[in-house]
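Engineer: Below are the sequence and a predicted model; questions follow.
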Amino acid sequence: MSKQFSSLGVSAPILKALNELNIVEPTEIQQKTIPLLLNEIHDVVGLAKTGTGKTAAFGLPLLQLVDTELPIVQAIILVSTRELGQQIFRNLEDFGKHIPNISIASTCGGIPIKPQIERLTKPTHIVVATPGRLIDLIQRKAIDLKQTEYLVLDEADEMVSILKESLDEIVAELPKKHRTLLFSATLPGTIKQLIQNYLNKNVVQVSANMETVGNQGIDHEYIVVDPIEKLDVLMHFLNSKDGERGIIFCKTKAAVNKLAKNLAINRFSSGALHGSLSQGIRDRIMEQFREGHINILVATDLAARGIDVKEISYVVNYHLPDTYENYVHRSGRTARAGAKGLSLTVLQEEEVIEIPEFEKELGIKFTKFQKPSAVSLEENNMLLWAKQIFKTKPNHDLSADLKTNVKTVFHHLTKDELIEKLMANYVLQNKVEVVEKPVKKFKK
């Protein structure tokens with residue numbers, strides 16, 4: 001029988017909050033990390049894949065270790081993006097809701113700094129920050145880290161380049177005696193260098209679930225397509241997942257915009273997310289996705305950091321990721337909280353040779369996803385065309401006489417006859433192969 005949070009040394013107020021959140025059983029990384037942070041004084045490196053509960057692994061001990069009687073910043077949590085920062089901030093607020101006088105602040109970039117400066121004039125115990133914004137606050141003398149005991153680098157592999165530039169300046173503000181807690185899904189050479197440079201030589205390393213990506217609930221599959229059919233194949237797949245939520249990853253902002261536009265034209269419930277969008281727009285898109293108002297998110301790797309939505313049933317790698325680490329983070333968006341999920345990678349023929357390298361490096365096994373036939377793709381496109389018609393709003397600017405004349409042309413046709421003629425016209429206009437199979441094939 002696995003351990004419960006109480007046996008890990010978690011305090012009663014936090015246990016009460018976890019119970020209310022229906023979080024009962026600690027994950028492997030939580031079981032290994034929480035007692036270590038509560039009872040030891042070493043620096044810690046925690047390795048675990050995305051979606052395995054790293055926030056609670058460091059967040060619960062920090063909430064418990066903070067002395068709420070001292071109105072000073074005692075812990076800094078550095079994150080790669082504001083979205084991830086907001087997610088961690090919300091989690092900490094939920095975990096610490098029954099701790100009297102606990103004070104947590106989020107000071108991330110992308111929004112005005114003045115309200116954050118004002119917030120930091122009040123007693124604050126834990127600050128969640130992006131490195132650039134934290135340095136800005138330090139330079140403005142808006143935050144005092146002279147008594148900060150804990151520095152957390154969350155998902156460090158996602159912000160290596162940022163940390164290289166900013167960590168010296170941040171660490172210089174901390175007392176010489178402080179604990180650094182580094183968490184990462186992967187351990188590339190650049191992270192090993194950070195550990196060597198900034199963590200104590202007696203650092204303790206813990207790892208969990210490192211033999212597979214994320215967890216056992218992810219099916220890793222790939223599909224091979226010609227460039228000309230790539231969009232059609234994707235839309236065929238998305239139609240098969242109608243009503244389910246998923247994320248499609250592209251390499252560039254331009255690719256995200258182009259794909260999101262094509263999906264919108266074909267009436268898919270989707271939104272785009274990348275770094276060039278204003279923070280307000282990004283927040284709105286994320287809220288729509290989180291609340292289920294849109295089902296598909298088209299995103300770049302960095303923009304998708306901090307997405308913690310449990311009901312994401314699939315991830316599509318519309319472009320093969322540049323690094324193994326990015327694949328880990330992408331696929332880890334699905335199959336969260338014990339659920340099942342699919343990570344589908346869309347490849348061109350010349351990219352297939354890279355699959356064995358991903359399998360070897362990440363310790364996973366890909367299976368081939370069967371590409372739909374040409375006829376099936378044509379049928380799917382006709383179905384999308386029908387949905388476009390169904391979702392088109394009436395044009396009230398057209399004259400009543402014109403509407404009457406057009407209705408007169410069709411008035412003697414039954415509904416079935418009109419649909420048959422529309423479908424036949426679609427086939428002629430698009431020069432597609434005549435389909436013999438019944439339309440009911442598309443019902444999911």
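Structural biologist: Perfect, I can see it now. For clarity, every value in this text was computed on a predicted model and none was experimentally measured. Numbering: from 1, shown residues only.

Engineer: List the residues that contact the spatially most central residue of the chain.
Structural biologist: In the chain, the centroid-proximal residue (Cα atoms, centre = their mean) is Ile307; its distance is 3.3 Å. Counting by Cβ atoms under 8 Å, 6 or more residues apart in numbering, Ile307 touches Glu83, Gln87, Ile247, Met286, Phe289, Leu297, Ala299, Arg333. All C-beta atoms are positioned from the backbone trio N, CA, C, and that covers glycine.

Engineer: does the fifth one count as helix, strand or coil?
Structural biologist: What that stands for is Phe289. Secondary structure assignment for Phe289 (DSSP: H, G, I helix; E, B strand; the rest coil): helix.

Engineer: Find me the pLDDT at it, would you?
Structural biologist: pLDDT, Phe289: 90.

Engineer: In the lengthiest helix in the chain, which residues are buried?
Structural biologist: When the chain is parsed with DSSP state H, its longest helix is helix 374-391. Using 16 or more other Cβ atoms under 10 Å as the test for burial, helix 374-391 gives Ser376, Leu377, Glu378, Glu379, Asn380, Asn381, Met382, Leu383, Leu384, Trp385, Ala386, Lys387.

Engineer: Which of the three states applies to the residue nearest to the centre of the chain?
Structural biologist: coil.

Engineer: what's near enough to touch the nearest residue to Pro321 once chain neighbours are set aside?
Structural biologist: Once flanking residues are discounted, Pro321 sits nearest to Tyr327: 4.8 Å by Cβ to Cβ, 6 or more residues apart in numbering. Residues in contact with Tyr327, defined by Cβ under 8 Å, 6+ apart, are Val213, Asn317, Pro321, Phe358, Leu362.

Engineer: Among these, find the lowest-pLDDT one for me.
Structural biologist: Within those, lowest confidence goes to Val213 (40).

Engineer: Show me where the chain has its strands.
Structural biologist: 44-48, 75-78, 104-107, 126-129, 150-153, 179-184, 204-208, 218-224, 245-249, 270-273, 296-299, 312-317, 341-347, 366-368 (DSSP state E).

Engineer: what packs against the third one?
Structural biologist: Using 3 or more Cβ pairs under 8 Å, 6 or more residues apart in numbering; DSSP states H and E as the contact definition, the elements that strand 104-107 packs against are helix 82-95, helix 114-119, strand 126-129, helix 131-139.

Engineer: Mean pLDDT for the ones you listed - can I get that in a markdown table?
Structural biologist: Below are the helices and strands packed on strand 104-107 laid out as a markdown table (pLDDT from 0 to 100):
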| stretch | mean pLDDT |
| --- | --- |
| helix 82-95 | 91 |
| helix 114-119 | 96 |
| strand 126-129 | 97 |
| helix 131-139 | 95 |
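
Engineer: Which stretch among the ones you listed is buried most, on average?
Structural biologist: Highest mean neighbour count among the helices and strands packed on strand 104-107 (mean count of other Cβ atoms under 10 Å): strand 126-129, with a mean of 26.

Engineer: Could you list the paired strands of that one along with their orientation?
Structural biologist: With DSSP bridges as the test, strand 126-129 is paired with strand 75-78 (parallel), strand 104-107 (parallel).

Engineer: how far is it from where the chain is centred?
Structural biologist: Distance of strand 126-129 from its chain centroid, counting by Cα atoms, centre = their mean, to the nearest Å, is 20 Å.
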